[in-house]
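Peer 1: sharing a model prediction with you, sequence too.
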Amino acid sequence: MSRRVALGILLLSFIIPFGVLIYLSVSTQWYYPTLVSHPFTLSNWTSFFDGRTGLLESTGLSIFISLMVSTIATLCGFFISRGMVYYTTNRWWLVSAYFPYVIAPVVLAVMLNYYFLQLGLSGTVFGVMSAQLLITIPYAVILFHGFWNRNILNFENLVATLGGGFIHKIKHAILPSARGLLTVCFFQCFLISWFEYGLTQFIGIGKVETLTIMVYRFVAESNPYLAALAGTVLIIPPLLLLFVNRKFIIRKGWSF
Amino acid sequence: MAKKLIIALFILVCLLPLGLSLGYSFLYSIGGAGLLSSGLTLQHWGDLFRGEFLSSMLYSLWIGLASAAIALMLALTVLFTLRRHFESPGIYRLLFLPLTIPPIVVAFVILQIYSGSGILSRLMVQSGVIGGIRRFPALVQDPYGIGILLAHVFIVFPFFLLVLLNLYQHEKLDEIERVASSLGADATTIRFRLQLPILMKGLFPLLILYIIFFMGAYEIPLLLGQSSPQMISVLILEKLQRFNLGDIPVAYSMAVWYAAICIITISYLLMRFRNRGAL
């Protein structure tokens, strides 16, 4: 009985944050020490959909950045990891792929900022995407590194023996085996970009208003209702991914 | 040709930006770059170990170690006591829920629950446990980093539990328990002398990684941390964005040291555990 209670409390603690976000997103005038006897409203949500809060644009921008970053990172990581496995023997190449990923993104942004300023990339969407790629591409390289093996190489050689070129190798030897991992990598890079705050804030200098930036802005403005609304919108894509396939959520890129 | 192209691309997108950024930060930190530079100096490096940097690193280390240790103990306790319940696919799937929440949103929710005017404080006032907001203990932006710890544990505990559940199954610890039991081992011996070492061996690299990640956390301490001492990422940003331009080389010195510590630790881990499956 006590174990069931403990399990119940544990699972409840996982659900509470979702409840808090939804509760606050439909609340207004939630003054201390009121808990439930304050007015409830859908005006926060209507202001989201009619674009008055700027959150709709932020959602669109976040989706655009995350889709672009995940697509480029997946493709680059896929081919770079292939080259690393086939053409290099020194383990330090793989080890070095961890370096940009393990340093706090915001500290990486601080150190990179000079070059971004010189190149005119600070405060631009392209700059934020470039900065996020510096984290997501190494992650994709690490994730794909374990994929390439003797079997895949044999398939590639078989296609080449039968007269196939590089495109044929990809189509007939690599893609059938890699499709699953490519999807996982795409969605994980999407989430890294979707969740990113520090690097986006520093390189974007507040001008690139993704959803995470908006959450912090509303918290700083003491507007918990819109912060909760932005937070709710932020968790929708990961929840959908979890619903489709939980492999998209958990990062299994650490291969020691 | 293809070989050179791929390696060049890897260097271009992964190593060159990092190398250039480290190089510039290093130069800035020793007075070799920057508008106010008056020649090479090691003064900023020397200042690091007398001022906020050391206390900030220690505070970050405390947060990293405490977050990982609490999450680990909680995950092990749940594993050993409630493991059977997670065989149900529905309950197992619920473990993934916290992983869908971005850190900035976790920090916001913790703030809304545990701050002085938060839900917990309101509940206690409404139920008559405390008289008002002033009687509520500081659980966020507090000297011990309780709010930060709560947020970190919320994020990483389900992940540790998922890894431990997989390890338990993968290492066939159920069978080991049966064999040991039939050979006369008691429950404590089985837990602490057989199962725990196997689990810890599998989890150790991940544990170290999370300590590094937590040490460099930014958005959670930004919302839930106190003003002094600060976590290292927050301190670096604050030094860099202050009006005092003299603080900028100090910020770069901190960044160089922090990055060097991260790189050395991950290199050691990867070389040390090269033949082991972490997950």
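Peer 2: Yep, that arrived.
Peer 1: what sits against B:Gln195?
Peer 2: With contact taken as Cβ atoms under 8 Å, 6 or more residues apart in numbering or on different chains, B:Gln195 is in contact with B:168, B:173, B:176-177. Where you see a C-beta, it was placed from the backbone N, CA and C, and this is true even at glycine.
Peer 1: B:Gln43 - nearest residue in space that isn't next to it in sequence?
Peer 2: Closest residue to B:Gln43 apart from its sequence neighbours, by Cβ to Cβ, 6 or more residues apart in numbering or on different chains: B:Gly31 at 7.8 Å.
Peer 1: give me the secondary structure label for the one you found.
Peer 2: What DSSP: H, G, I helix; E, B strand; the rest coil gives for B:Gly31 is coil.
Peer 1: ok, A:Val208 next?
Peer 2: From three-state DSSP, the assignment for A:Val208 is coil.
Peer 1: do the same with the one 4 residues further on
Peer 2: Per three-state DSSP, the local secondary structure of A:Thr212 is helix.
Peer 1: does it touch A:Thr200 like I think?
Peer 2: Yes. Between A:Thr212 and A:Thr200 there is a contact under Cβ atoms under 8 Å: 6.6 Å.
Peer 1: which bits of the stretch 101-250 of chain B sit near chain A?
Peer 2: B:101-106, B:108-109, B:111-113, B:117, B:119, B:121-123, B:125-126, B:132-133, B:154, B:158-159, B:162, B:205-206, B:209, B:212-213, B:216-219, B:222-223, B:232-233, B:236-237, B:240 (Cβ under 8 Å from any Cβ of the partner chain).
Peer 1: now, of these, which are buried?
Peer 2: B:101-106, B:108-109, B:111-113, B:117, B:119, B:121-122, B:125, B:133, B:154, B:158-159, B:162, B:205-206, B:209, B:212-213, B:216-219, B:222-223, B:232-233, B:236-237, B:240 (16 or more other Cβ atoms under 10 Å in any protein chain shown).
Peer 1: go ahead and confirm A:His38 touches A:Leu24.
Peer 2: No. With contact defined as Cβ under 8 Å, A:His38 does not reach A:Leu24; the gap is 10.7 Å.
Peer 1: quick one, which of these two is more surrounded?
Peer 2: Shown here are A:His38 and A:Leu24; by other Cβ atoms under 10 Å in any protein chain shown, A:Leu24 has more neighbours (23 against 12).
Peer 1: hmm, the longest helix seen in chain A in reach of chain B?
Peer 2: The single longest helix within chain A, with elements called by DSSP state H, is helix A:55-87. Yes. For helix A:55-87, a contact with chain B is found by Cβ under 8 Å from any Cβ, at A:76, A:79-80, A:82-84, A:86-87.
Peer 1: now tabulate those residues in a markdown table and tack on neighbour count.
Peer 2: Shown next, in a markdown table, are those (neighbours: other Cβ atoms under 10 Å in any protein chain shown):
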| residue | neighbour count |
| --- | --- |
| A:Cys76 | 20 |
| A:Phe79 | 19 |
| A:Ile80 | 26 |
| A:Arg82 | 23 |
| A:Gly83 | 21 |
| A:Met84 | 21 |
| A:Tyr86 | 14 |
| A:Tyr87 | 14 |
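Peer 1: returning to that earlier point: residues contacting the residue nearest to B:Gln43?
Peer 2: Residues in contact with B:Gly31 (Cβ under 8 Å, 6+ apart) are B:37-41, B:43-44, B:249.
Peer 1: the same query, at a cut-off of 10 Å, please.
Peer 2: For B:Gly31, the contact set (Cβ atoms under 10 Å, 6 or more residues apart in numbering or on different chains) comprises B:37-44, B:249.
Peer 1: could the residues you listed go into a markdown table alongside pLDDT?
Peer 2: What follows is the contacts of B:Gly31, written out as a markdown table (pLDDT from 0 to 100):
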| residue | pLDDT |
| --- | --- |
| B:Ser37 | 72 |
| B:Ser38 | 73 |
| B:Gly39 | 76 |
| B:Leu40 | 76 |
| B:Thr41 | 78 |
| B:Leu42 | 77 |
| B:Gln43 | 76 |
| B:His44 | 74 |
| B:Pro249 | 87 |
